[in-house]
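> need a 3D model of the following:
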Amino acid sequence: MASDRTNDNYESALSGASTDVASFEYHKKGFVGRLHDLLHTNPALVPLIVLVAAIIIFGIALGSKFFSPFALTLILQQVQIVGVLAAAQSLIILTAGIDLSVGAMAVISSVIMGQFTFRYGLPAPMAVAAGLAIGTAIGALNGWLVSRVKLPPFIVTLGMWQIVLAANYLFSRNETIRAQDIEANAPFLHFMGYKFQIGGATFTLGVLVMILLVLLLAYVLRNTAWGRHVYAVGDDPEAAQLAGVDVHKTLMSVYMLVGFICALAGWVMIGRFGSVSPSASTGMMGNIQSITAVVIGGISLFGGRGSILGAFFGALIVGVFELGLRMAGADPQWTFLLIGALIIAAVSVDQWIRKVSA
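Numbering: from 1, shown residues only. Here you go, the predicted structure:
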């Protein structure tokens, strides 16, 4: 009798539950919520929109001369060095660091390539290989100081920038190797400056290398275990270590790759400028311009979020603004003003996305 009463109560409870099934209310996101999700999952979208808008605005204002193959390819020619350095800087910032020595590494690598060829008589291909190797070694030293000694990346790369800059002038004896001498005796050093045409537009191998490098790094970061480790280390290194990620090896590989890419930028620089000079303007300006491209490109300075394609778009934005304002006859200071406003806006958007997602 008691069991029958228990069964009746159980059945009535089930029947009550069946008529009052727990339901989760679905809150349809508004425009701001959908926009936030879109920007969070596609960090390169904002710089792409800004780039397209800038091209359209300057195209309307300047007419067909801005849309000419010469003008559009000139933008790529101008940003090829900064674009390669921005790719290197992106890797460091994705790990929640910053590298103030990328420009100096590019310059000293170019000097090594030139001096090894003309002072020590090394064949140009071997001199280029030596420059790439030394750039990689400098990056490895940065990585070891950050990963093993646990020094802040800002301090390490600030000190390395000063050391490399001084070594650059001491080693080169402040000598400039002229473009005519390179072309006559070691044309391989100018390899990145060789030009080819596509549909009436003129490109250099340096531009092609920049584009291929960005696409390759974008694929690797998105589709390989190493790329996921880079994002994980930048987001939370302690959690990444607990999840089985070797943080030391990841940071070392990143900094070594960055050193190699900076040396590659030095080779591109020889092709772009023609000569090899220890006082090339890519020093501190290269650091600032690469960081500018990365920030405008939507890569978070806190690490762990962003797309290297965004950094590429950021470099192109700077190139579009510089060329557009120059063709319009505007004061060059307007370029700095607008780029500064874009930097603040980009960081503000990043903070907004983080605040909403939190």
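
> ok, which stretches of the stretch 201-350 of the chain are strands?
Under the criterion DSSP state E, counting those that start in this stretch, the stretch 201-350 of the chain contains strands at 201-204.

> pLDDT at residue 145, what is it?
Residue 145 carries a pLDDT score of 97 in this model.

> run through the stretch 201-350 of the chain and note the low-pLDDT ranges.
Along the stretch 201-350 of the chain, the parts satisfying pLDDT under 70 run over 281-286.

> kindly recompute the last result at 50.
Low-confidence segments of the stretch 201-350 of the chain, defined by pLDDT under 50: none present.

> okay, helices next: where are they in it?
When assigned using DSSP state H, counting those that start in this stretch, the helices of the stretch 201-350 of the chain occupy the ranges 205-223, 225-235, 237-242, 247-273, 284-296, 308-327, 333-357.

> any buried residues in the third one, and which?
By that I understand helix 237-242. For helix 237-242, the buried set under the neighbour-count rule, 16 or more other C-beta atoms under 10 Å, comprises 237, 240. For glycine as for every other residue, the C-beta is placed from the backbone atoms N, C-alpha and C.

> for the fourth one, same thing?
Buried residues in helix 247-273, counting neighbours by 16+ other C-beta under 10 Å, are found at 247-248, 250-273.

> one step back: who wins for proximity to residue 176 among the helices of the stretch 201-350 of the chain?
Go through the helices of the stretch 201-350 of the chain one by one with C-beta to C-beta and the one that ends up closest to residue 176 is helix 247-273, at 10.3 Å.

> tell me how far that closest one lies from the chain's centre.
Using C-alpha atoms, centre = their mean, to the nearest Å, the distance from the centre of helix 247-273 to the centre of the chain it belongs to is 11 Å.

> please shift the residue numbers so they start at 16 in all later answers.
Let's use 16 as the start, then, which means that last one is helix 262-288.

> tell me which strands and helices that helix is in contact with?
Judged by 3 or more C-beta pairs under 8 Å, 6 or more residues apart in numbering; DSSP states H and E, helix 262-288 is in contact with helix 84-109, helix 117-133, helix 139-162, helix 220-238, helix 240-250, helix 252-257.

> go through those helices and pick out the most buried.
Stretch with highest mean neighbour count among these: helix 117-133 (a mean of 28; mean count of other C-beta atoms under 10 Å).

> what angle do it and helix 299-311 make?
With axes from the mean of the first three to the mean of the last three C-alpha atoms, to 10 degrees as the basis, helix 117-133 and helix 299-311 are set at 130 degrees to each other.

> tilt between helix 117-133 and helix 262-288?
Inter-element angle recorded for helix 117-133 and helix 262-288: 60 degrees (by the same axes, to 10 degrees).

> show me what helix 117-133 is packed against.
Using 3+ C-beta pairs under 8 Å, 6+ apart: helix 117-133 touches helix 84-109, helix 139-162, helix 168-187, helix 194-200, helix 262-288, helix 299-311.

> for those helices, give me a markdown table that also has distance to residue 222.
Rendered in a markdown table, the data for the helices and strands packed on helix 117-133 read as follows (distance: least, C-beta to C-beta, whole Å):
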| stretch | distance to residue 222 |
| --- | --- |
| helix 84-109 | 5 |
| helix 139-162 | 18 |
| helix 168-187 | 26 |
| helix 194-200 | 19 |
| helix 262-288 | 9 |
| helix 299-311 | 15 |
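
> select, out of those helices, the one closest to residue 220.
Comparing the helices and strands packed on helix 117-133 against residue 220 with C-beta to C-beta, the closest turns out to be helix 262-288 (6.9 Å).

> what's the separation between the nearest residue to residue 260 once chain neighbours are set aside and residue 284?
The spatial neighbour of residue 260 that comes closest, neighbours along the chain excluded (C-beta to C-beta, 6 or more residues apart in numbering), is residue 244 at 4.9 Å. According to C-beta to C-beta, to the nearest Å, residue 244 and residue 284 sit 31 Å apart.

> how about residue 295?
With the distance defined as C-beta to C-beta, residue 295 ends up 6 Å from residue 284.

> got it, and residue 193?
Between residue 193 and residue 284 the computed distance is 15 Å (C-beta to C-beta).

> now swap in residue 331 and tell me
Residue 331 sits 19 Å away from residue 284 when distances are taken as C-beta to C-beta.
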